[in-house]
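Visitor: need a 3D model of the following:
(chains A, B and C)
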Amino acid sequence: MNYWLLKSEPDVWSWDQQCKVKSAEWDGVRNYQAAANLRAMRVGDEAFFYHSNIGKEIVGIVRVVKEFYTDPTDEIGKFVCVDVAAVRPLKRAVTLAEIKAKPVLSNIALIRQSRLSVMPITSEQWNIILKMSDK
DNA sequence: GCCAACGTTGGC
DNA sequence: GCCAACGTTGGC
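Guide: Residues are numbered from 1 along each chain as shown, chains lettered A, B, ... in the order given. Now for the predicted structure:
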C-alpha cells in the first residue's frame, strides 16, 4: 500500500466537508504530474489531507475508495479523479512550518514541489508525520 | 498584496 | 523545437 498527500484549499473543499460525506470525488486536478499520481492510487491507499493557503497544515487522513476514472468536470476528458473517504482527523494538525523545521523531512514533495497538489509520501515520511501529530 | 516557482500557450 | 509572455499556485 502506498501513501499520498492531497492538497485542498479549505474555502473550496475542507476537511470538515470531507468528514460530512461518505466519500468525495477528488476532481479538478489539471496538472499532468498530479494526474499521474492519481492514476497510481489503489483502493486502500491512504493520504494526508492538507489545507493549503489557509492553515497550511495536515489535518486528517483519507483513504482511496475508488480508483481513477475520467474526471466528469473535465470537458476534454483527459484528466482523472479518484474517490476518497475520511478515515480520521489527526490528533493534532501538523503545520508546514513544523515539517520545514524537520531535517529528515527536507526531501518531502510538499516542500520540494510546492505547487504540486497530489504527491507521493514515503512510508518513512508518513510515520514521522504521524508521530508528530501524536504529541 | 507580493512574488517565486513553475506550467502552459503561442509566435516564430 | 525554442523561448518569451503569461497565468496560476501557494507561501509569506
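
Visitor: CA atoms for contacts and neighbours, from now on please.
Guide: Will do.

Visitor: next, the buried residues of the lengthiest strand in chain A.
Guide: Ranked by residue count and defined by DSSP state E, the top strand of chain A is strand A:80-95. Across strand A:80-95, burial judged by 16 or more other CA atoms under 10 Å covers A:80-87, A:89-90, A:93-95.

Visitor: any idea which of the residues you listed is closest to DNA strand B?
Guide: Nearest to DNA strand B out of the buried residues of strand A:80-95 is A:Val80 (CA to the nearest atom of the strand; 13.5 Å).

Visitor: which ones are touching the closest one?
Guide: A:Asp27, A:Val29, A:Ala35, A:Leu38, A:Arg39, A:Phe68, A:Tyr69, A:Thr70, A:Asp71 (CA atoms under 8 Å, 6 or more residues apart in numbering).

Visitor: surely the fifth one meets A:Thr70?
Guide: No - with contacts counted by CA atoms under 8 Å, A:Arg39 stays clear of A:Thr70, the gap being 10.2 Å.

Visitor: all strands for chain A, in order.
Guide: Using DSSP E, strands in chain A cover A:3-8, A:24-26, A:46-51, A:57-70, A:80-95, A:118-121.

Visitor: closest to DNA strand C out of those strands?
Guide: Closest among the strands of chain A, using CA to the nearest atom of the strand: strand A:3-8, at 6.0 Å.

Visitor: can you give me the angle that closest one makes with strand A:46-51?
Guide: 30 degrees (axes from the mean of the first three to the mean of the last three CA atoms, to 10 degrees).

Visitor: against which helices or strands is strand A:3-8 packed?
Guide: With contacts taken as 3 or more CA pairs under 8 Å, 6 or more residues apart in numbering; DSSP states H and E, strand A:3-8 sits against strand A:46-51, strand A:118-121.

Visitor: let me see the contact set for the closest residue in space to A:Val62 that isn't next to it in sequence.
Guide: Of all residues beyond its chain neighbours, the one nearest A:Val62 is A:Ala86 (4.3 Å), with distances taken as CA to CA, 6 or more residues apart in numbering. By CA under 8 Å, 6+ apart, the residues touching A:Ala86 are A:Gln18, A:Cys19, A:Lys22, A:Ser23, A:Gly60, A:Ile61, A:Val62, A:Arg63.
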